[in-house]
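1. Sequence first, predicted coordinates after that:
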Amino acid sequence: MSEVKINHVGKTFENKQEQTSYTVFEDIDLHVKSGEFVSLLGPSGCGKSTLLNIVAGLDKASTGTVLVGNREVQGPGVDRGVVFQEAALMPWMTVLENVMFAIKKRYSKEEAKKRAIEYLKLVHLSKFIDSYPHELSGGMKQRVSIARALAMDPEVLLMDEPFGALDEQTRSMLHKEVQYIWEQTGKTIIFVTHNIRESILLSDRIVLMGVRPGGIINIFDVAFPRPRKPADKEFAQLEEEISQQLAGEIEKVMKEEMGDDYHSQKATLLYSSHRNMGDHI
Ligand SMILES: Nc1ncnc2c1ncn2[C@@H]1O[C@H](COP(=O)(O)OP(=O)(O)OP(=O)(O)O)[C@@H](O)[C@H]1O
């Protein structure tokens, strides 16, 4: 497995037509240790996906560098597997074929099949290898997508709100699944989420990002043992601490975007009730 070093990374999007530019964040400095599970948490628009895409090599940093195991990221690579919110499976292929297709360039057909079956077993989909995507639930599709990323044997797994589109029950099942996978494989995982509770359940560290100026506001160590339960005292305390720190960031965004329509009372209620940030911005 590999560590990820994000060294003084900044990102500015240029709009050439309108001759304007927008700086999402500047000077992000973050070292993720080998085998560590780190969440990126923050309000909508703070640049979580942008940062993850830079690590994935799908987007370029405007300043700074990203190293994965001491190799500088220049573009996408097999050392980094990415899981997005939508599984994006090929509908005309079976589950097994979908996973095999992703790794066919890297392995012989026989080896690809063996690996695909192995990783589909890891995500508890052995019974569904011959099913087609339309026969699967949203949660099952995401498990195929995780198996597909893992079958490449990446050093780092990058997950961008992988459970964001799923219902609460499925999400909770997949939390257990992802913890199991992480324990079994020892992968380094960077996980983007809006959800404070999700980040505490899963992570070794939570990186809180803010907006205007964008960047890291705080880093929390989640030192208590797994499996974690939201009802536990330490869990609830950390949840409260993080949500309070974020309230200011969210208010900033809402004030800017809603102007006179903004009522801070309303915002505070919205966010303290379910700890899910950004959905209402
Ligand atoms: N290709 C692009 N061109 C211009 N601006 C962009 C581009 N991609 C993202 N942005 C802007 O960069 C900012 C950060 O976007 P990003 O999607 O990384 O945020 P986020 O924290 O992941 O948000 P969310 O939680 O809503 O997905 C946003 O203001 C967005 O509009």
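-> Done, it's in. Bear in mind the structure is a predicted one, so any value in this text is a computation, not a measurement. Residues are numbered from 1 along each chain as shown.
2. Tell me how far whatever residue of the stretch 101-250 of the chain ends up closest to the ligand lies from Leu246.
-> Closest approach between the stretch 101-250 of the chain and the ligand, counting by CB to the nearest ligand atom: His194, at 5.7 Å. Using the backbone N, CA and C atoms, a C-beta is placed for each residue, glycine as well. Going from His194 to Leu246 by CB to CB, to the nearest Å gives 10 Å.
3. what about these two, which has more around it?
-> Remark: of His194 and Leu246, Leu246 carries more neighbours, 23 against 19, as counted by other CB atoms under 10 Å.
4. can you give me the mean pLDDT across the helix or strand hosting that one?
-> Element membership for Leu246 (DSSP states H and E) is helix 233-258. In this model, helix 233-258 has a mean pLDDT of 86.
5. Mind listing what's buried along that helix?
-> Residues of helix 233-258 classed as buried: 235, 238-239, 242-243, 246-247, 249-251, 253-254 (neighbour count, 16 or more other CB atoms under 10 Å).
6. repeat for stretch 164-178
-> Those buried within stretch 164-178 under the rule 16+ other CB under 10 Å are 164, 166, 170-172, 174-175, 177-178.
7. For that stretch, C-alpha coordinates in CSV please.
-> C-alpha atoms of stretch 164-178 as CSV (Å, rounded to 0.1, in the frame of the first residue of the first chain):
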residue,chain,number,x,y,z
GLY,A,164,-24.7,9.5,-1.5
ALA,A,165,-27.5,8.3,-3.7
LEU,A,166,-28.5,5.3,-1.6
ASP,A,167,-31.2,5.0,1.1
GLU,A,168,-30.3,5.0,4.8
GLN,A,169,-30.6,1.2,5.3
THR,A,170,-28.5,0.4,2.2
ARG,A,171,-26.0,3.0,3.2
SER,A,172,-25.6,1.5,6.6
MET,A,173,-25.1,-2.0,5.2
LEU,A,174,-22.4,-0.6,2.8
HIS,A,175,-20.6,1.1,5.7
LYS,A,176,-20.1,-2.4,7.3
GLU,A,177,-19.1,-3.7,3.9
VAL,A,178,-16.5,-0.9,3.3
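8. tell me the mean pLDDT over that stretch?
-> Across stretch 164-178, the average pLDDT comes to 88.
9. and it, is it in reach of the ligand?
-> No. Stretch 164-178 lies apart from the ligand when judged by CB under 6 Å from any ligand atom; the minimum separation is 8.5 Å.
10. who touches Ser39 in this structure?
-> For Ser39, the contact set (CB atoms under 8 Å, 6 or more residues apart in numbering) comprises 190-193, 198-199, 202-203, 205-207.
11. Revised request: answer the last question for Arg228.
-> 200-201, 222, 235.
12. The residues you listed in helices, which ones?
-> Among those, DSSP state H puts 200-201, 235 in helices.
13. near the ligand, which residues of the chain?
-> Residues of the chain lying close to the ligand (CB under 6 Å from any ligand atom) are 13, 22, 24, 42, 44-50, 194, 278.
14. make it 5 Å
-> By CB under 5 Å from any ligand atom, the residues of the chain that approach the ligand are 13, 24, 44-50.
15. got the residues you listed as a markdown table, with neighbour count, pLDDT and secondary structure columns?
-> Shown next, in a markdown table, are these (neighbours: other CB atoms under 10 Å; pLDDT from 0 to 100; DSSP: H, G, I helix; E, B strand; the rest coil):
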| residue | neighbour count | pLDDT | secondary structure |
| --- | --- | --- | --- |
| Phe13 | 12 | 93 | strand |
| Val24 | 23 | 93 | strand |
| Ser44 | 15 | 87 | coil |
| Gly45 | 16 | 88 | coil |
| Cys46 | 26 | 91 | coil |
| Gly47 | 23 | 94 | coil |
| Lys48 | 27 | 95 | helix |
| Ser49 | 19 | 95 | helix |
| Thr50 | 20 | 96 | helix |
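16. Would you mind measuring from Asn98 to Lys141?
-> 10 Å.
17. can you map out the strands along the stretch 51-200 of the chain?
-> With strands called from DSSP state E, counting those that start in this stretch, the stretch 51-200 of the chain shows them at 63-68, 71-72, 80-83, 156-160, 188-193.
18. Who does the shortest one pair with, and is each partner parallel or antiparallel?
-> For strand 71-72, the paired strands and their directions (DSSP bridges) are strand 63-68 (antiparallel).
19. Can you list the neighbours in contact with the partner strand?
-> Under CB under 8 Å, 6+ apart, the answer for strand 63-68 is 2-10, 26-28, 54-55, 72-73, 77, 79-80, 155-156.
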